[in-house]
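Enquirer: Sequence and predicted model, in that order:
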Amino acid sequence: MDSKEKQKLHEQNMNNSADDPDHYSAFFKFFISKTTFSILFLFTLVIGGIFGYTHMIKESFPDLSIPQAVVTTEWAGASPEIIEKEITNKIEKKLKSLKGLKSLRSGSRRNFSSITVEFQADEIMSEAMALLRAKVSEAEADLPSEAKKPKITEVAVSDTPIATFMIYGNVDPARMGTVARDLKRKFERINGIREAQLSGDRKEIVRIQLKPARMRALALSATTVRDAITSASRDMPLGQIEDNSASWSVNLTARFESLDDLRNVPVKRLTNGRTIRLHEVAEVSRNLDKEINRCLLSWSGGNFLQGISIGIIKVSGRDTLALIKKAEAVIKKATQAPDWPNSLQYAIVSNESSTITNQLSSMISNGWQAMVAVFLVLLFMLTWREALIAGLSIPITFLGSVAIVALLGNTMNMIVIIGMVLALGMLVDVFILVMEGMHEAIFIKKLGFLPAAHSTIKTYAMPAFAGQMTTVLAMTPLLAIRGLDGKFIRLIPITTITCLLLSFVVAFLVSIPLSRFLLGKGNLNTTKTAVDNLTERISASFKAWLLIGPAASKKKAAAWVAGAFALFILSLNLAGYLPSEMYPKDDGLNMGVFIRLAPGTDLEQSQKLASEVGATLKDTSFLESVTMFVGKKSPFSGGSLQDSLLPTESTNFIGFSLRFLPKKERNKLAYEYQPELRARINSVLSKHPGTELFLKAEVGGSTGAAPVQIELTGTEIKKLRTIANDVKSALRNVQGTSDVADNLGPAEDQLRTTPRREALNFYRVQLDDVINQVRIALENDKIGSYKLPGVKEDLDIKLSTLWASREGKIGSPRTAEELHFLSVTNDSGISIPVSSLLTFDPEEASQVILHRNNRRTVSVTAKTNGVTASQILQAVQPKLETMEQTWPSGYSWSFSGEAESTSEVYSSVPMVLTLALFLVFSVLALLFGSFMQPIIIMLTVPLALTGTFIGFFLFNMPLSFPAIIGIISLAGIVVNNAIVMIETMNEVRQKGASISEAASAGASERLRPIISTTVTTLIGLIPLAISSPFWMPLCLAIIFGLTVATIMALVVIPCLYKLITHEKTLSA
């Protein structure tokens, strides 16, 4: 027997010995030799993943549970100044000491005080709300008795409707309104729906309109009539009557049930004994209430049809898809009821469930495309068996990760899927490493299955674990990013870390044991593949080049390292020229249009202009529907917390909700149509001076606030308005701005009234009586309710004055002659002109008085067009600094909005990146037992930054928050290749090779797995980068950085090894 036969027999005996189960540890025998655990674990992951996905709440973006609320207090008839002083200031005084308070804003407007309370993002919702309710309760004792009890409403980060229904048809408006309010009640009974908002609804009421001339002739005051009606219309319990045999409850039932009863109510008895009844001094009718706003719908370019819109707002954290499904079932059931009007129809104008489903389907499709692409790469680099094992391990890992993410209480949304797609490029490394080990053991070393598995685990378990841990530790500090945006993005590291940790377990406890069914067959062809031969030739050539080139001497190595360092310095300089933004713009389906006419414009004038604008909008080819609001803003023109402070209804408001066709049916992203839409609308508005136009597209991000916001603080509203106008002028002159506005809105004309106290005393009139009589003459207040039979909702009884200029409609006098009748009647029946009792001084007044953190504030806002918010702020900052020098003492400015969020987030980035690098370095130091070799590995991070910064500069891409996430992720990704190379270099050195040979061997022998993992990572990210503008910066940051880092590391790492490693041979 010759030596070759003896060697072959020795290897066979070793394999036979290794195949003996007693040869291995109990751990290996339980988890690897036997497949029972692996099969059970596999089914657990698959079933858990499927169960988790089907039961998870599904939404586009995470429904952030940020503790924030709106405190609303109503005081009918009160002016903004009175609301501010008597309500807003008193509540704010209590709230400013709240624990964990981040921001306190308020808006005092006619009739209402609205205060938004935002806590720190990590405060516990239930505790924060309990503290808020306690503080508001404390403030209630200080509020005027006329004011209603403050109402606290928890709100979401973006409070836009999840679905909007429209009912329309040839139906009596009163009947349509009844149906709409019935639907509203049914929607709000669904657990999880916070509010159903009606637009275009007109309630049926009982109108009582006093006749001024008749009242004056009979010396009758309006308050006398009011008191007569209210005292004659009430239901109440009076007590009980008991005797020895029975008892009776006594109840008064005096509310009006017929118009004749109401018309015949005695209001005064004359001296001659005649009774004056209500119908003699007033028109009494059952009619529609005053029209406040209108809603009309055009579908697919059709004519506008008037109807009532019902927008559904959900409770934060609830399942959007389930709620919309229940709402659709409610309205479908209502249409099938016998009392549903035959000619009444409904349409679903907007539906977030279809948006969520389409977005999730698109993202999942991207994930599958990435997995298929990865499998094809593996198929090329390995055998089909190994590629199949690695390819199947990826979806198994994802299913298991879905189960864990669901157990952690998270929803299924785009952020979770982004985390999985990002993890795809990282977790495939461990599967490639394991399959490369099995391939080498079986095809190169000719080992049997169990020895191959044992060799793979022994050789690659620690490097694989170290590689996964470096990536995990690089991602972990992302959890520390503060604020709303940190919470918004937090699911990315959570999901990615879950996938990475689980992939390590799957690779060694599932993939290796179960690979015996493909790799453990006795008839397996173990000859080298064509790719094996190709990569061996390329590796040999690359090693030879390194030996005579970069790794030949320290001088050459130093030159290559210096060149890489110079390129890094160049990239840092180029990074300084990059614009920055918080989030890139994404595609959306909805856009809000807001047109503001001059204050005082009535509803009919607004309708005329709205019809002209609507005619040009409905004919656009890329819109599915157009909903017109007259007298009201579109729900999609607001949605942010600050928007809740501002008026949403006024007769001079026009709104449009534009619903775009699906993305595949149009040529551009939705927000890119803004210039065209603006031009169309302005072609109409140019004929109507004094109008203002504002567009708001859905572009993604954590909030819906304007990207450019400048806060102006001071004491006097008039001065703040003047300063705001100057700042708006400066902003309009900055290229790339649009929709420049302030949140004060235009000033409105008002009459400031003050009492003539001597006259009041002379005419023996109380000021309260004057106030009440004048209010009845000008307003339309509820004074009682009209009983309807059964369970029907009772009608409001409203008292107003009938002015001839209004032609029977509700409203105040319009002519000077009618103002002459504006008088007050005293107890003696003498009619006194109001002008004798009150003085009237015309002035301009703000529609709303805004506070931020207890100081009067005005926000000047702007949208961006072709530039970033940071570029605009950088351009306007010198102008603001110059302007501030001319302002009175106590007035100042600051950037808020995106700039404030950017500052909050980016202030965390240096600390987060430093912590990530330190954690990665610590793991490497422990792994290698050295401080010098981890330094070599860590220097791959500057190589990655070089690629990212140069790539972003060449493509003129802004540096955004998602890009920062990609850069931090790179710190953990790029070190993996260096770890593998350094491990191999050390092994070669231990065999007695020189430093140059070891450095060259480490790069050349690991060339195949390095290229495999890099290519799979890049291919895994490409589908996401192409499909989503929002996440393109994250993907490209990794693609640019990893590509350059891989190419440069294959040369620079051997050079650094040559420079840093001492000549002495490493000990075995």
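Expert: That came through, no problem.
Enquirer: Tell me how many other residues crowd residue 825.
Expert: 21 (other CB atoms under 10 Å). For glycine as for every other residue, the C-beta is placed from the backbone atoms N, C-alpha and C.
Enquirer: wait, residue 866
Expert: For residue 866, the neighbour count with other CB under 10 Å is 9.
Enquirer: Tell me how far the closest residue in space to it that isn't next to it in sequence lies from residue 676.
Expert: The shortest distance from residue 866 to any non-neighbouring residue, by CB to CB, 6 or more residues apart in numbering, is to residue 736 (5.3 Å). According to CB to CB, to the nearest Å, residue 736 and residue 676 sit 17 Å apart.
Enquirer: Looking at these two, which is more packed in?
Expert: Neighbours per residue, other CB under 10 Å: of residue 736 and residue 676, the larger number sits with residue 736, 16 against 12.
Enquirer: Where does pLDDT dip in this structure?
Expert: In the predicted model, the chain carries pLDDT under 70 at residues 1-23, 64-65, 156-159, 520-529, 639, 701-704, 791, 816, 819-821, 1063-1068.
Enquirer: What are the structural domain limits within it?
Expert: The chain breaks down by automatic domain parsing into domains covering 1-57+382-527, 65-155, 165-196+291-352+589-698, 204-240+250-288+749-845.
Enquirer: right, so of those, which gets closest to residue 940?
Expert: Residue 940 sits nearest to domain 1-57+382-527 of all the domains of the chain, at 10.9 Å, using CB to CB.
Enquirer: distance between that closest one and the chain's centre?
Expert: Put simply, domain 1-57+382-527 sits 36 Å off its chain's centre (CA atoms, centre = their mean, to the nearest Å).
Enquirer: So for stretch 717-730, what gets flagged as buried?
Expert: Neighbour counts using 16 or more other CB atoms under 10 Å place 717, 719-721, 723-724, 726-728, 730 of stretch 717-730 among the buried residues.
Enquirer: no wait, stretch 244-264
Expert: 255-256, 262-263.
Enquirer: same deal with stretch 300-309?
Expert: Quick answer for stretch 300-309 (16+ other CB under 10 Å): 304-305, 307-309.
Enquirer: So of those residues, which two are at opposite extremes in space?
Expert: Spatially, the most separated pair among the buried residues of stretch 300-309 is 304 and 308, at 13.9 Å (CB to CB).
Enquirer: surely residue 946 meets residue 1044?
Expert: Yes: contact status for residue 946 versus residue 1044: in contact at 5.7 Å, counting by CB atoms under 8 Å.
Enquirer: Pull up the gap between the closest residue to residue 249 other than its chain neighbours and residue 255, please.
Expert: Among residues not flanking residue 249 along the chain, residue 240 sits closest, at 5.3 Å (CB to CB, 6+ apart). For residue 240, the distance to residue 255 equals 21 Å [CB to CB].
Enquirer: ok so, going back, give me the sheet partners of the helix or strand hosting the residue nearest to residue 249 and which way each runs.
Expert: In this assignment (DSSP states H and E), residue 240 forms part of strand 235-242. Strand 235-242 pairs in its sheet with strand 247-253 (antiparallel), by DSSP bridges.
Enquirer: And the helix or strand that the partner strand is followed by, what does it pack against?
Expert: Scanning forward in sequence from strand 247-253 by DSSP H and E, the next helix or strand is helix 259-263. Packing partners of helix 259-263 (3 or more CB pairs under 8 Å, 6 or more residues apart in numbering; DSSP states H and E): strand 204-210, helix 278-281, strand 282-288.
Enquirer: so what does the shortest one touch, helix or strand wise?
Expert: Contact analysis of helix 278-281 by 3+ CB pairs under 8 Å, 6+ apart lists helix 212-217, helix 222-232, helix 259-263 as its packing neighbours.
Enquirer: ok, and what's touching the longest one?
Expert: Outside helix 222-232, the residues within contact range by CB atoms under 8 Å, 6 or more residues apart in numbering are 208, 210, 215, 254, 256, 262, 265-268, 278, 281-282, 769, 772-773, 776-777, 783-784, 797, 799, 801, 825.
Enquirer: Buried ones only from the residues you listed, please, as a PyMOL command.
Expert: Applying 16+ other CB under 10 Å to those, the buried members can be selected in PyMOL as follows:
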select buried, resi 208+210+215+256+262+265+267+268+278+281+282+769+772+773+776+777+783+784+797+799+801+825
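Enquirer: how far is stretch 160-173 from where the chain is centred?
Expert: In this view, stretch 160-173 has its centroid 26 Å away from the chain centroid, taken as CA atoms, centre = their mean.
Enquirer: and the end-to-end length of that stretch?
Expert: Terminal residues of stretch 160-173 lie 26 Å apart, using CA to CA, to the nearest Å.
Enquirer: sorry, back to before: tabulate the buried residues of stretch 300-309 (JSON lines), appending distance to residue 296 and secondary structure.
Expert: Shown next, in JSON lines, are the buried residues of stretch 300-309 (distance: CB to CB, whole Å; DSSP: H, G, I helix; E, B strand; the rest coil):
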{"residue": "304", "distance to residue 296": "4", "secondary structure": "coil"}
{"residue": "305", "distance to residue 296": "6", "secondary structure": "strand"}
{"residue": "307", "distance to residue 296": "7", "secondary structure": "strand"}
{"residue": "308", "distance to residue 296": "10", "secondary structure": "strand"}
{"residue": "309", "distance to residue 296": "9", "secondary structure": "strand"}
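Enquirer: Pick the most buried one from the helices and strands packed on helix 259-263.
Expert: Mean neighbour count (mean count of other CB atoms under 10 Å) peaks for strand 204-210 among the helices and strands packed on helix 259-263, with a mean of 22.
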